[in-house]
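Asks: only geometry, no sequence info:
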């Protein structure tokens, strides 16, 4: 493909494939979210967060909102990383303080978890099918899941971890049981992500949101092998695989050995430094500090230029180093997309 | 000094000075804390946490408890990093969920903060004087404070930060005001730490507990210059200066340019990799994953050996990569100190 045939609808996938592009593609983590008034409206209509995630018409609506408003180059499925744990047998609720699960405390509870097949979570698969219809000739659709260790922390802590005492107690005191749990989670994620691709997802991102609490020694045992298992199983599906090891800077030498096509880098490390630790054929995604969107646009533009200057010329997707937060003004997010598309032309 | 004249009472300071030691010195972050039943008893006697910190007899008691029980090679003042903010004019309380301050939201509130002099916080200075009397010929006493950016986050968020939206909004939207606040905090810390040394503290540690939320670009502007200002001002006092940039792996190239004698490394990065980014004369402290203390002792010993193998031979102090937590069995902490002293003999 030559850069001349690239437009918004194929820019993201062309970049993932390492092909020439007309400008740098951009999408934003949590682009569908509380900073958007139209999201808030749909969220109110849904009543609660879980209903929003599991009602295809509503999940479609919020997935499409930022695509239309911002002009980003990819849509990402609106769902929640905890839905697979719920389908495996863990009742899930969302409170003001965040998600709540009955934490797994016994071997019996871990053994009782079901391993998912690819036709489960039908509401997610329906959302994907509906989205693909809406997105034809617009932009591609990214599916996603949490990564195995990150889901282990939610399953064991019963909520978003703080000190991760329960998770690490499991790893260090009952490693065989930890491996069994990671195995079941990994097999379920493989099935569910296969289901997402069969339903129409054109790329996949694995969010390893809590991997940054592991030392390199522990990542080698409890993190990387399961990420690799998932990636290897998904490889035959032929879609680009993106891995986001949030907070895992010291893990990058190991991340560089994984079968991911694109590594998403958080805002803590420059892309050029990160790149040195990865494989030469691994692409990069990232990594603007999202809260720069709270400040003036001239400063934002200067930092966007820095990010673009440190990015590789091929196989690169602009993104934030973390998700958008509710306090960020939508107009600044719109301006960011315009900046990346404008400034990106001279770096591809 | 030769290694033959080194015993427990001078091992820590000898290591900080880069002198030969008989074995690796060890102290532990939060060695005085909730995992110890004797601490819990004193805590109950105090009633609330702030009383414990600000009543010299009680603060002395909990400072000495781990020195006696564990046989560590240094005591660290029991205090709280927020006491200087309180003395600067911010009322402070401790709730079940953590510390609470009235967050600074206006320029006027920041301008109203007092800059401390070195004779303020008399309860802390009294604690230090009493401790030095008790610790003569036992072990040296480490004083400490938070680092400037970390204290800015508490002052602006009013509590332990989560997304740090308020802090970053200040940095990005009102940088001049952020610099004024950082300047006042830095000047207060310099005065208070001078006061600590005059009262008897024999080493100082700056805890930069939240610096890991800054990108390298922002650390260069809002972090490192203020840490360096504090370190440079304290240098004439002649005590070893330790800096702990928790979560700041990508900041190490800048940390390597600071005037700290010892850099404390968290558990996320091997000491040998960290060392490559620091000055050749900067010593290291760290960095065992503290939650390994929840697991079996044989596994703990294997990981202690790994830490020692990756540590430099001179100017090295064993510590955890983060603080002890309430769930850790005291017997395992005792075993850790024994292991480091035994295994440390063959690596110095």
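Replies: Great, that's in hand. Just so we're clear, the structure is a prediction, and the values are computed from it rather than from any experiment.
Asks: Can you tell me which residues in the stretch 151-300 of chain A are near chain B?
Replies: A:163-165, A:168-169, A:172-173, A:212, A:214-218, A:247, A:249-250, A:267-270, A:273, A:289, A:291-292, A:294-296, A:299 (Cβ under 8 Å from any Cβ of the partner chain). In short, each C-beta sits where N, CA and C put it, glycine included.
Asks: Report the buried members of these.
Replies: When those are checked for burial by 16 or more other Cβ atoms under 10 Å in any protein chain shown, the buried set is A:163-165, A:168-169, A:172, A:212, A:214-218, A:247, A:249-250, A:267-270, A:289, A:291-292, A:294-295.
Asks: Could you list the residues in contact with stretch A:302-319?
Replies: With contacts defined as Cβ atoms under 8 Å, 6 or more residues apart in numbering or on different chains, stretch A:302-319 is touched by A:12, A:15-20, A:24-29, A:261-262, A:264, A:270-273, A:275, A:281-289, A:292, A:336, A:339-340, A:343-344, A:347-348, B:217.
Asks: Pull up the distance across that stretch, start to finish.
Replies: 16 Å (Cα to Cα, to the nearest Å).
Asks: Going by neighbour count, which residues of that stretch are buried?
Replies: Under the neighbour-count criterion of 16+ other Cβ under 10 Å, stretch A:302-319 has A:303-304, A:307-308, A:310-312, A:314-319 buried.
Asks: Stretch A:251-264 too?
Replies: So, applying 16+ other Cβ under 10 Å, buried residues of stretch A:251-264: A:251-252, A:254-256, A:258-264.
Asks: so what's the nearest residue to residue A:7 once chain neighbours are set aside up against?
Replies: Of all residues not flanking residue A:7 in the chain, residue A:22 sits nearest, at 7.2 Å (Cβ to Cβ, 6 or more residues apart in numbering or on different chains). By Cβ under 8 Å, 6+ apart, the contact list for residue A:22 reads A:3-4, A:6-7, A:11, A:345, A:348.
Asks: and if we set it to 10 Å?
Replies: A:2-8, A:10-11, A:14, A:341, A:344-345, A:348 (Cβ atoms under 10 Å, 6 or more residues apart in numbering or on different chains).
Asks: got it, and residue A:214?
Replies: A:149, A:153, A:164, A:167-168, A:171, A:208, A:220-224, A:245, A:247-248, A:250-251, B:267-268, B:289 are the contacts of residue A:214 under Cβ under 10 Å, 6+ apart.
Asks: if we go to 6 Å?
Replies: Shown in contact with residue A:214 (Cβ atoms under 6 Å, 6 or more residues apart in numbering or on different chains): residue A:223.
Asks: Now it: phi and psi?
Replies: Phi and psi for residue A:214, reported as degrees, to the nearest 10, are phi -100, psi 140.
Asks: which SSE is residue A:338 in?
Replies: Here residue A:338 sits within helix A:330-344, counting by DSSP states H and E.
Asks: Secondary structure element holding residue A:43?
Replies: Under the criterion of DSSP H and E, residue A:43 resides in helix A:37-46.
Asks: mind checking pLDDT for the one residue in the stretch 101-250 of chain A that gets nearest to chain B?
Replies: Nearest residue of the stretch 101-250 of chain A to chain B: residue A:172, at 3.1 Å (Cβ to the nearest Cβ). At residue A:172, the model reports a pLDDT of 98.
Asks: again, but for the one 5 residues further on
Replies: Residue A:177 carries a pLDDT value of 98.
Asks: With residue A:105 instead?
Replies: pLDDT, read off for residue A:105, is 88.
Asks: quick one: secondary structure of it?
Replies: At residue A:105 the chain is in coil, as set by DSSP: H, G, I helix; E, B strand; the rest coil.
Asks: For residue A:169, see how far away it is.
Replies: 10 Å (Cβ to Cβ, to the nearest Å).
Asks: do residue A:102 as well
Replies: For residue A:102, the distance to residue A:169 - Cβ to Cβ - is 17 Å.
Asks: go on, residue A:190?
Replies: 27 Å.
Asks: now do residue A:236
Replies: Residue A:236 is 37 Å from residue A:169, where distance means Cβ to Cβ.
Asks: Much appreciated, bye for now.
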